[in-house]
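*Asks:* All I have is the shape, not the residue letters:
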């Protein structure tokens with residue numbers, strides 16, 4: 001099947017390869033490391049804070065805004081306070097755009113009782129990185 005994205009062919013191959021690699025690593029059981037940023041997104045979705053949780057779209061939009069702020073001022077950003085171990089970002093990440101693409105293939109936003117998995121959050125971040133590389 002051809003690539004349905006409006007990106008250069010080599011980026012389509014990269015997205016497909018990244019997704020295949022992520023799936024193969026999940027199947028092998030090697031994606032057990034922790035990422036504080038992914039865990040923060042999952043926390044916003046699954047744990048009530050002030051009697052409310054965020055939808056995946058809201059959590060990723062909030063994360064995208066925090067990354068943009070951190071990109072401009074890493075040392076004094078809100079993201080560096082929420083995730084002290086976070087490093088520098090060298091690009092912005094269009095997470096909402098990546099979620100739009102991911103949601104066409106996986107019904108992650110439609111599920112009401114099953115939150116997104118760590119791997120699904122990782123895939124959205126990977127797709128966002130590819131979109132940012134496209135420029």
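*Replies:* Yep, it's here. Keep in mind that this is a model prediction, so the values were computed, not measured.

*Asks:* Who are the packing partners of whichever strand or helix holds residue 132?
*Replies:* Here residue 132 sits within helix 118-134, counting by DSSP states H and E. On a contact count with 3 or more C-beta pairs under 8 Å, 6 or more residues apart in numbering; DSSP states H and E, helix 118-134 meets helix 9-28, helix 36-46, helix 95-105. Every residue, glycine included, has its C-beta placed from N, CA and C.

*Asks:* can you state the direction angle for the last one and helix 118-134?
*Replies:* So that's helix 95-105. Put simply, helix 95-105 runs at 120 degrees to helix 118-134, going by axes from the mean of the first three to the mean of the last three C-alpha atoms, to 10 degrees.

*Asks:* what inclination does the helix holding residue 132 have with respect to helix 36-46?
*Replies:* Using the same axes, to 10 degrees: helix 118-134 against helix 36-46 is 120 degrees.

*Asks:* Lowest average confidence across the helices and strands packed on helix 118-134, which one?
*Replies:* Per-stretch mean pLDDT for the helices and strands packed on helix 118-134 is lowest at helix 9-28 (a mean of 55).

*Asks:* residue contacts, residue 94?
*Replies:* Counting by C-beta atoms under 8 Å, 6 or more residues apart in numbering, residue 94 makes contact with 64, 128, 131, 132.

*Asks:* got the buried residues for the helix holding residue 132?
*Replies:* Applying a neighbour-count criterion of 16 or more other C-beta atoms under 10 Å, one finds 118, 120-131 buried in helix 118-134.

*Asks:* State the mean pLDDT of it.
*Replies:* On average, helix 118-134 scores 94.

*Asks:* chain center to that helix, what's the gap?
*Replies:* 5 Å (C-alpha atoms, centre = their mean, to the nearest Å).

*Asks:* Mind putting the contacts of residue 94 into TSV with distance to residue 57?
*Replies:* Shown next, in TSV, are these (distance: C-beta to C-beta, whole Å):
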residue	distance to residue 57
64	10
128	13
131	16
132	19
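
*Asks:* For residue 106, state which of those residues is nearest.
*Replies:* Taking C-beta to C-beta as the measure, residue 128 is the one of the contacts of residue 94 closest to residue 106, at 14.9 Å.
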